[in-house]
Every structure is written in structure tokens, then in C-alpha cells.
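Asks: From the sequence below, what's the structure:
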Amino acid sequence: MSFFDIYRNCTLCPRNCEVDRTKDSLGFCGESAVCRVSFIGAHFGEEPSFTGSKGSGTIFFSGCSSQCFFCQNYQISIQHVGRAITPAEILSEVRALLLKDVHNLNFVTPDHFWPHIQSLCRALWEEGIKVPRIFNCSGYQKPERVEEYAQEMDVFLPDFKFAEPEFAKMCMGDARYPEIALEALREMVKFKGFLEPWDTTGLRTAGRGVLVRHLVLPGYIENSLKVLKLLHKEFGPGLPLSVMSQFRPTPDCFQREKLQRALSSGEYGQILDLVEKLGFEKVYTQEFGEEADFLPDFKDPENPFFGNKGR
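Replies: You can find the predicted model right below:
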């Protein structure tokens, strides 16, 4: 059985579209069975645990099963900026990327192209290429697939976006997000544990484990407070976190008339106060406004992280 057969009746994500992506049908992710990527290269915008001194070897895939309207990578997740790439081509480009001595391979929004990633990982193993592999995801993963992911991946880097079902429904159309994300995270921690080593200087990059990201959204601070309390209750203060302030409104925010402003320093301060009160021991935070003056521009495939021109 081929890795790619599942595309014929796709149930890779919780949407369970059951469409034949090998033909004319697209999944909820907006993608066919033709793998498409928007960027392959060394990236220095991740946490120091992943970027170190030489960068994280990121592969950004087009499309997304979550489809959050406020996505900071909306150009690729919603607008589907990207190029088609064959399994042979992605293997060749990843080999070239690894020659730059990046610290890891970082698969960004990977679940809807999992068969291609699985095939790539097996090919790398056969060539004796061993480097930490990161499953960088939305948190909206089918819990029953995590064990399969864990066979190929060393690090799980999930978001935990929503603790409130109605807020999840408003933002990405599925009120089940909190329960699905929590169960998937339980599985990730079961198979890989917490991120290690924990070194915020980047001198020792992470080789295994789980770190959870949460983007604080303006005007919805209660959701973020509930996320922190839920994660603390479930996993304790040792769970590694990255609590981000870098939200900026996207075109869909203005169209929907929701989330039309940046986060305020006071709002972010409330979240950091609770992080401290709950006693989380391993936390990345951002200086307020850090990495928040621009959104990545994936229409510039050579350097999408320089910032949108003319903004």
C-alpha cells in the first residue's frame, strides 16, 4: 500500500472530508494530492530552542485544515500561495537545505500533506540522514494519528488556540477544537514528553519533546486565561510554553469586522501575570511588539520574513 493512497478518500484531519484529492476535489484544507510548498529554507524566527545559531530548516506547506480567519500566515493557509513539488524534488531540496547545517527539519502545517512527509522521512532514513524533525502544527490534529506522526517526528510544536468552543467555532468553524486539541496534546506528550534540552539561549537546540504555543488575541483575553488554566490543570507547571504577543490583523479580520487591532500591552500583561501566578517553569515570552511590526510575505519566496513591502 502506498503512502499516498489515503488521498483517494481523505480523512487526514478532523474535518474527515472523504474526498478524492487525487482527482478534481479539494479537501477542506483547500489542497489536492499534489504537494505544494511556499518556502523551504533556514528560518530564524522560531524560538531559540529551534533556530539556534544556524536556523531551523523550515518547510512551509500551502493550505491548512484549520482555516482560522486571523491566521498570521494567511497567504499560504487561506490564499494558498505556493508551488507544486514532487516527492523527488522535495527530497532534493531538503538535502540542499541540510547542507546549510540547519539544526532540524521543521514541517509547518504538515498534516494534510502527511503522506508526502512520511515518504520523505523514510527516504532520509534510508540515506542515513538523521536530524531532529519537528511537527509544527495548529493543534487541530486527529489524536489517533499522533502515534503515526511520532514514528517519524522527534518534536511536536502544536498551537493551543482556543479553550472556548464558541470562540473556536467563530474563528475556524469547529467548536470541537478544544477537546480535539487537548486529546491530541495528551498523545504528543505521552509519546515524546516535554521539550528537551530546555535552553533558551539556543546554544543547545531541542532534540525531542513537546512545546505548546499560544497566540494571545486582542479583545479575547478570557480565552487565553482559560487556555493557561486548562494546560496547567492537565500537564502541570512543567509544560513548556511559548506565549506570543505578535498578532496583527489580516485582511479577513477587517472583512469580518473582528480582531481589527493589535494586542495591547495591558492585555498581554494580564496573560503574563497568570503565567507567573500558575508557576509555569519553562516559558518563552516576547518583548511587547517583538516580531509584530509585519506579517511574513510568502509572495517573496526568497525572503518571506523580511516583512510586507509597502505596509
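
Asks: elements contacting the longest strand along the chain?
Replies: In the chain, taking DSSP state E as the definition, the longest strand is strand 36-43. Secondary-structure packing of strand 36-43 (3 or more C-beta pairs under 8 Å, 6 or more residues apart in numbering; DSSP states H and E): strand 56-61, strand 83-84, helix 87-98. From N, CA and C alone the C-beta is placed, and that goes for glycine too.

Asks: Tell me which other helices or strands the first one touches.
Replies: The reference is to strand 56-61. When contacts are defined as 3+ C-beta pairs under 8 Å, 6+ apart, strand 56-61 packs onto strand 36-43, helix 87-98, strand 105-108.

Asks: Paired strands for it, with orientation please.
Replies: Strand 56-61 pairs in its sheet with strand 36-43 (antiparallel), strand 105-108 (parallel), by DSSP bridges.

Asks: And the contacts of the very next helix or strand once past that strand?
Replies: Moving toward the C-terminus from strand 56-61, the next helix or strand (DSSP states H and E) is helix 74-77. Helix 74-77 has contacts (C-beta atoms under 8 Å, 6 or more residues apart in numbering) with 38, 60-64, 66-68, 71, 81-82, 109, 250-252, 295-299.

Asks: and what of stretch 62-71?
Replies: 12-15, 27-31, 36-38, 76-78, 80-82, 109, 111-113, 138, 140, 161, 171-173, 217, 247, 249-250, 252-253, 256, 258-259.

Asks: do you know which of the helices and strands packed on strand 36-43 lies nearest Glu127?
Replies: helix 87-98 (8.1 Å; C-beta to C-beta).

Asks: quick one: average confidence on that closest one?
Replies: Averaged across helix 87-98, pLDDT comes to 97.

Asks: buried stuff in that helix?
Replies: 90-91, 94, 97 (16 or more other C-beta atoms under 10 Å).

Asks: returning to that earlier point: to Ala150, which of the helices and strands packed on strand 36-43 lies closest?
Replies: Nearest of the helices and strands packed on strand 36-43 (C-beta to C-beta): strand 56-61, 18.6 Å.

Asks: Quick one, which of the helices and strands packed on strand 56-61 gets closest to Ile6.
Replies: In terms of C-beta to C-beta, the element of the helices and strands packed on strand 56-61 nearest to Ile6 is helix 87-98, at 14.9 Å.

Asks: so what does the closest one touch, helix or strand wise?
Replies: Looks like helix 87-98 contacts strand 36-43, strand 56-61, strand 105-108, helix 114-126 (3+ C-beta pairs under 8 Å, 6+ apart).

Asks: Need the contact partners of the second one.
Replies: The list of residues contacting strand 56-61 from outside it, by C-beta under 8 Å, 6+ apart, reads 35-44, 46, 50, 73, 76, 82, 90, 94, 97-98, 100, 102-110, 112-113, 131, 134, 136, 298.

Asks: What of the last one?
Replies: Contacts with helix 114-126, where a contact means C-beta under 8 Å, 6+ apart, come from 2-7, 12, 35, 87, 90-91, 94, 107, 110, 130-131, 133, 145, 148-149, 152.

Asks: On the C-terminal side of it, identify the next helix or strand.
Replies: strand 133-137.

Asks: Could you pull out the buried residues of whatever helix or strand comes next after that following strand?
Replies: On the C-terminal side of strand 133-137, the closest following helix or strand by DSSP H and E is helix 146-152. Along helix 146-152, these residues count as buried under the neighbour rule (16+ other C-beta under 10 Å): 146, 149-150, 152.
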